[in-house]
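Peer 1: got a predicted structure plus its sequence, pasted below:
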Amino acid sequence: MLKNRLKEIKNELSQNITLVAVSKTKPIEAISETYDAGQRDFGENKVQELVDKYEKLPKDINWHMIGHLQTNKIKYIAPFIHLIHGVDSVKLLTEIDKIGKKINRRIPCLLQFHIAQEETKFGFDWDEILALLKSESYQNLSSIDIKGVMGMASFTENKDQIRKEFSALKTIFDNLKQHYFMNHEAFKIISMGMSNDYKIAIEEGSNMVRIGSSIFGSR
């Protein structure tokens, strides 16, 4: 069943779209089964659970930190994390850079934007990012590798609203690429779309989707 669901989703995705299987709360056995079916990118939202799974599972897995990350937890995942999706503040970005310098590693990150109408979502707004990118402190960051943007749409049945929010993130990405990351080849990821809205996200330009329940079943 699990392998079949994974195969169905992968068949829907073009080759340029990365599927992150959201394995949070799921047992090692379920991840191993998915791994054996060829999946290599997995997403977790709790640092302790992520570290435990990293230690127990094959080392060629690309681990994605997709939840809200606290600054005091960065050090536990910094040596091996493939991508931190939720960089949502200057404080967090600065701390990731600080840890990166200590371990001599450029840590891959996405800038998270607040595109939803819900106040509970984290993320930068456009003015905050412009202020950051123009700041002297940003110029001094040498151990982060910003690879793109991430955002979560509102949890709603209104597909027009979801589409509008994803479209807004794509516009943000395009503006950043054109004006600030033109010569930064690695800046190419638009991480948006989950089990309930990934098809809309792909239509609006997503090239990385985070899918959990459609693969592993409901929590």
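Peer 2: Cool, the structure landed.
Peer 1: got the buried residues for stretch 14-27?
Peer 2: Buried positions in stretch 14-27, judged by neighbour count with 16 or more other Cβ atoms under 10 Å: 17-24, 26. C-betas here are computed from N, CA, C, even on glycine.
Peer 1: those residues in strands, which ones?
Peer 2: Within the buried residues of stretch 14-27, residues falling in strands by DSSP state E are 18-22.
Peer 1: from those, which is closest to Ile77?
Peer 2: Using Cβ to Cβ, Val20 is the member of these that lies nearest Ile77, at 15.3 Å.
Peer 1: can you name the residues bridging to the closest one?
Peer 2: In this structure, Val20 bridges to Arg210 when assessed by DSSP bridges.
Peer 1: how about the contacts made by it?
Peer 2: Neighbouring residues of Val20 by Cβ atoms under 8 Å, 6 or more residues apart in numbering: 41-43, 64, 66, 191, 208-211.
Peer 1: and it, how far from Ile129?
Peer 2: Computed with Cβ to Cβ, to the nearest Å, the distance linking Val20 and Ile129 is 23 Å.
Peer 1: now swap in Arg163 and tell me
Peer 2: According to Cβ to Cβ, Arg163 and Ile129 sit 22 Å apart.
Peer 1: which secondary element of the chain has the worst mean pLDDT?
Peer 2: Least confident helix or strand of the chain, by mean pLDDT, DSSP states H and E, is helix 136-139 with a mean of 90.
Peer 1: so which residues make contact with that one?
Peer 2: So helix 136-139 is contacted by 90, 94, 132 (Cβ under 8 Å, 6+ apart).
Peer 1: what of stretch 25-38?
Peer 2: In this structure, residues lying in contact with stretch 25-38 by Cβ under 8 Å, 6+ apart are 2-3, 6-7, 21, 23, 42, 49, 53, 56-58, 61, 212, 215-216, 219.
Peer 1: next secondary structure after the host helix or strand of Met150?
Peer 2: Using DSSP states H and E, Met150 sits within strand 144-151. Later in the chain than strand 144-151, the nearest helix or strand by DSSP H and E is helix 159-179.
Peer 1: could you dump that next one to PDB, C-alpha only?
Peer 2: Extracted as PDB, the C-alpha positions of helix 159-179 are listed here (Å, rounded to 0.1, in the frame of the first residue of the first chain):
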ATOM      1  CA  LYS A 159      -8.900  26.900  -4.000                       C
ATOM      2  CA  ASP A 160      -8.800  30.400  -5.400                       C
ATOM      3  CA  GLN A 161      -7.300  31.700  -2.200                       C
ATOM      4  CA  ILE A 162      -4.700  28.900  -2.100                       C
ATOM      5  CA  ARG A 163      -3.800  29.600  -5.700                       C
ATOM      6  CA  LYS A 164      -3.400  33.300  -5.000                       C
ATOM      7  CA  GLU A 165      -1.100  32.700  -2.100                       C
ATOM      8  CA  PHE A 166       1.100  30.300  -4.000                       C
ATOM      9  CA  SER A 167       1.200  32.700  -6.900                       C
ATOM     10  CA  ALA A 168       2.400  35.400  -4.500                       C
ATOM     11  CA  LEU A 169       5.300  33.200  -3.300                       C
ATOM     12  CA  LYS A 170       6.300  32.500  -6.900                       C
ATOM     13  CA  THR A 171       6.300  36.300  -7.600                       C
ATOM     14  CA  ILE A 172       8.500  36.800  -4.500                       C
ATOM     15  CA  PHE A 173      10.900  34.100  -5.700                       C
ATOM     16  CA  ASP A 174      11.100  35.700  -9.200                       C
ATOM     17  CA  ASN A 175      11.800  39.100  -7.700                       C
ATOM     18  CA  LEU A 176      14.500  37.800  -5.400                       C
ATOM     19  CA  LYS A 177      16.100  35.800  -8.200                       C
ATOM     20  CA  GLN A 178      16.200  38.800 -10.600                       C
ATOM     21  CA  HIS A 179      17.400  41.400  -8.100                       C
END
